[in-house]
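A.B. asks: generate coordinates for the sequence data below:
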Amino acid sequence: MAITRAMPNTPALLGLGATGLYVNDHATGAQRAAAKAIIETFGICVAVESENLLDAVTAVSGSGPAYYFLMIEEMICAGTALGLTPKDAKALTLQTALGATTMATQGDADSPENLRARVTSPNGTTHAAIVSMQENGFGGVIAKAMTVCRDRAVELGKE
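C.D. replies: Here you go, the predicted structure:
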């Protein structure tokens with residue numbers, strides 16, 4: 001029996017989704033193509049080779065929008081604490097997120113590491129902020145959160 005499973009995310013509501021797709025070996029090429037074509041009507045489709053990788057897709061893109069929303073929330077709060085009005089902090093934060101994401105997704109975009117490096121002057125303000133994030137375990141926090149998310153998806157799949 002042909003089985004297709006997909007893990008979309010909420011930006012699919014805007015046609016900007018990121019969906020992981022698994023199609024088992026019983027599906028025909030036409031069935032695979034049809035599933036991919038349907039998903040691509042509301043964003044990108046990434047086919048994964050094994051069904052268990054959908055749990056990793058959940059950790060990256062299924063739950064991913066919430067991670068970005070949390071970052072946005074925290075940046076707005078910090079901007080407000082630094083003296084900006086909530087309205088101004090929100091406008092600046094949202095436009096910055098949109099601009100950075102657009103730069104990172106352009107067809108010939110540089111790697112995220114290179115884009116970050118281009119903004120980070122040695123011993124400058126951005127450098128100080130990045131060092132602070134790294135010293136406070138930012139990468140580890142993200143990796144741990146995504147691992148916990150994946151592990152919970154595995155648990156839920158067994159229930």
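
A.B. asks: residues near L54, how many?
C.D. replies: By other Cβ atoms under 10 Å, the residues close to L54 number 21. Yep, even glycine has a C-beta here, placed from its N, CA and C like the rest.

A.B. asks: er, D110 actually
C.D. replies: D110 has 13 neighbours, counted by other Cβ under 10 Å.

A.B. asks: isn't it right next to R116, touching?
C.D. replies: No: using Cβ atoms under 8 Å, D110 is not in contact with R116, being 9.5 Å away.

A.B. asks: mind exporting the lowest-mean-pLDDT helix or strand in the chain as PDB, just the C-alpha atoms?
C.D. replies: In the chain, the helix or strand scored least confidently by mean pLDDT, DSSP states H and E is helix 112-119, which has a mean of 93. The C-alpha coordinates for helix 112-119 follow below in PDB (Å, rounded to 0.1, in the frame of the first residue of the first chain):
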ATOM      1  CA  PRO A 112      24.400  32.200   6.900                       C
ATOM      2  CA  GLU A 113      27.900  32.200   8.500                       C
ATOM      3  CA  ASN A 114      29.300  34.500   5.800                       C
ATOM      4  CA  LEU A 115      26.200  36.800   6.000                       C
ATOM      5  CA  ARG A 116      26.700  37.000   9.800                       C
ATOM      6  CA  ALA A 117      30.400  37.700   9.400                       C
ATOM      7  CA  ARG A 118      29.700  40.600   7.000                       C
ATOM      8  CA  VAL A 119      27.600  42.300   9.700                       C
END
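
A.B. asks: any idea which helix or strand comes after that helix?
C.D. replies: As assigned by DSSP states H and E, the chain's next helix or strand after helix 112-119 is helix 125-135.

A.B. asks: list the buried ones in that following helix?
C.D. replies: Across helix 125-135, burial judged by 16 or more other Cβ atoms under 10 Å covers I130.

A.B. asks: also stretch 60-77?
C.D. replies: 60-64, 75-76.

A.B. asks: which residues touch it?
C.D. replies: With Cβ atoms under 8 Å, 6 or more residues apart in numbering as the test, stretch 60-77 has contacts from 7-11, 18-20, 86, 89-90, 93-94, 96-97, 142, 145-146, 149, 153.
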